[in-house]
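Asker: fold the following, please.
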Amino acid sequence: MRNDGNLDDPCGLDGPAVRLDDNPSTDQPVSAFRRWLPAGFLRTRLSHFSNLFAARRGRARMAVATGAVCCLGLAGVAVIGASPAGESFTPDQRAEIAQRAEADAASRGRGRESAAPVTESPTAESRESSALPTAKSTPKAKATSKPKPKRVVPVAGLDQAQMNNAKMIVRAGEEMDVPRRALVIAVATAMQESNLYNYASGVLPESQNYPHQAIGWDHDSVGLFQQRPSTGWGAVRDLMKPEYATRQFLSALLAIPGWQDLPLTVAAQSVQVSAFGWLYAQHEWRANQVVNAILA
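Answerer: From the prediction side, this is the model:
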């Protein structure tokens with residue numbers, strides 16, 4: 001046992017220790033530990049720890065109450081109401097906690113309302129539209145190409161080129177709405193003049209710049225009807241077109257008075273003014289056969 005110096009504060013507080021008399025007291029015997037404590041030390045320490053514990057317990061209860069307000073809303077109010085008498089909360093603190101609890105409960109209620117999915121009841125129109133079967137999209141009609149012109153099989157001993165030229169003569173006459181008799185006269189005349197081939201002229205080199213099937217040397221005569229540009233039948237580039245040459249011939253034929261009643265050779269010669277006008281008649285029967293095949 002030490003009895004000759006300062007005793008370190010066992011609770012962590014430095015200071016001089018009060019040396020007690022080694023003689024036994026007339027009071028109740030005390031323990032050796034208490035004999036070396038400063039006077040009033042235990043009372044001071046116990047009071048200090050009691051106050052510290054009460055303050056800490058007050059702060060802990062405040063934290064619990066605040067946490068309850070944040071997490072459970074109004075549950076914090078129940079904690080405050082259940083606080084025992086003598087708690088360290090002041091009336092202002094309790095009123096503030098109660099206001100926070102009410103505000104938090106209201107905000108959480110609004111949050112739940114906004115978070116709840118809004119489902120509209122289906123109307124009668126929507127139920128009917130959902131019940132109706134969806135119409136399948138109709139496929140778009142494919143663009144159809146124009147049908148190719150019908151190929152006319154050659155007749156009367158003609159080849160395909162001759163038959164094609166005869167067909168162009170008949171189609172041009174149909175566009176002019178001329179009688180069938182005029183078509184037969186035109187085809188027979190072309191058989192005699194060009195054998196139903198589109199001729200260019202060796203005298204007119206220009207005529208050879210356009211589609212042709214043969215070259216002739218009878219002056220400046222060109223085309224299916226051997227029409228001469230120099231006599232006013234038209235321009236070379238136009239007379240080389242079978243449709244144009246046909247319209248020129250038929251226009252001249254229709255201008256002859258009573259052409260329908262004239263023999264074929266006379267009607268053709270009246271237009272062509274050929275040196276061999278009687279030769280047109282020999283092609284009449286073949287011309288009829290060709291026109292019938294094309295119009296069939």
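
Asker: run a quick neighbour tally on Ile256.
Answerer: By other Cβ atoms under 10 Å, the residues close to Ile256 number 13. C-beta coordinates here come from the backbone N, C-alpha and C atoms, glycine included.

Asker: what residue, apart from its backbone neighbours, is nearest it spatially?
Answerer: Nearest non-adjacent residue to Ile256, counting by Cβ to Cβ, 6 or more residues apart in numbering: Ser270, 5.1 Å away.

Asker: which ones are touching the one you found?
Answerer: Going by Cβ atoms under 8 Å, 6 or more residues apart in numbering, Ser270 touches 253, 256, 259, 262.

Asker: just the ones of those residues in strands?
Answerer: Among these, DSSP state E puts none in strands.

Asker: if we take these, which one ends up nearest to Gln226?
Answerer: Among these, Leu253 lies closest to Gln226 (Cβ to Cβ), at 15.5 Å.

Asker: which residues of the chain score low on pLDDT?
Answerer: 1-89, 93, 97, 101, 103-149 (pLDDT under 70).

Asker: all strands for it, in order.
Answerer: Going by DSSP E, the chain shows strands at 199-201, 214-216.

Asker: in its sheet, which strands sit next to the first one, and in what direction?
Answerer: Within its sheet, and counting by DSSP bridges, strand 199-201 is paired with strand 214-216 (parallel).

Asker: where do the helices sit along the stretch 101-250 of the chain?
Answerer: According to DSSP state H, counting those that start in this stretch, the stretch 101-250 of the chain carries its helices in the segments 124-131, 160-175, 180-194, 236-239, 242-254.

Asker: out of the ones you listed, flag the one nearest Gly216.
Answerer: Using Cβ to Cβ, those put helix 180-194 closest to Gly216, at 7.7 Å.

Asker: give me the angle between the closest one and helix 242-254.
Answerer: 120 degrees (axes from the mean of the first three to the mean of the last three Cα atoms, to 10 degrees).

Asker: who are the packing partners of helix 180-194?
Answerer: helix 160-175, helix 242-254, helix 264-272, helix 284-295 (3 or more Cβ pairs under 8 Å, 6 or more residues apart in numbering; DSSP states H and E).

Asker: how about those helices in a markdown table, adding distance to Gln213?
Answerer: Shown next, in a markdown table, are the helices and strands packed on helix 180-194 (distance: least, Cβ to Cβ, whole Å):
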| stretch | distance to Gln213 |
| --- | --- |
| helix 160-175 | 6 |
| helix 242-254 | 10 |
| helix 264-272 | 20 |
| helix 284-295 | 17 |
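
Asker: okay, and which of the contacts of Ser270 map to helices?
Answerer: Judged by DSSP state H, the contacts of Ser270 include Leu253 as members of helices.

Asker: mind checking which of the contacts of Ser270 are buried?
Answerer: 253, 259, 262 (16 or more other Cβ atoms under 10 Å).

Asker: what's the neighbour count on Asp226?
Answerer: Residue 226: Gln, not Asp. Gln226, neighbours per other Cβ under 10 Å, totals 23.

Asker: tell me the spacing between the residue lying closest to it once chain neighbours are set aside and Pro211.
Answerer: Take Gln226 and drop its neighbours on the chain: the residue closest to it by Cβ to Cβ, 6+ apart is Glu193, 4.4 Å away. Going from Glu193 to Pro211 by Cβ to Cβ, to the nearest Å gives 18 Å.

Asker: what do you get for Gln282?
Answerer: To Pro211, Gln282 is 28 Å away according to Cβ to Cβ.

Asker: again with Pro242
Answerer: 9 Å.

Asker: more neighbours: these two, which one.
Answerer: Pro242 (23 against 9).

Asker: contact partners for the more buried one?
Answerer: So Pro242 contacts 165, 168-169, 172, 198, 223-224 (Cβ under 8 Å, 6+ apart).

Asker: number of residues surrounding His198?
Answerer: One correction, residue 198 is Asn, not His. Neighbour count for Asn198, taken as other Cβ under 10 Å: 24.

Asker: and Thr90, by the same measure?
Answerer: 9.

Asker: then Pro205?
Answerer: Counted with other Cβ under 10 Å, Pro205 comes out at 10.

Asker: who's in contact with it?
Answerer: By Cβ under 8 Å, 6+ apart, no residues touch Pro205.

Asker: ok, the spatially closest residue to Arg181 that is not a sequence neighbour to Ala172 distance?
Answerer: Spatial nearest neighbour of Arg181, chain neighbours left out: Gln260 (5.8 Å); criterion: Cβ to Cβ, 6+ apart. For Gln260, the distance to Ala172 equals 19 Å [Cβ to Cβ].

Asker: higher neighbour count, these two?
Answerer: Using other Cβ under 10 Å as the criterion, Gln260 and Ala172 rank with Ala172 on top: 21 against 12.
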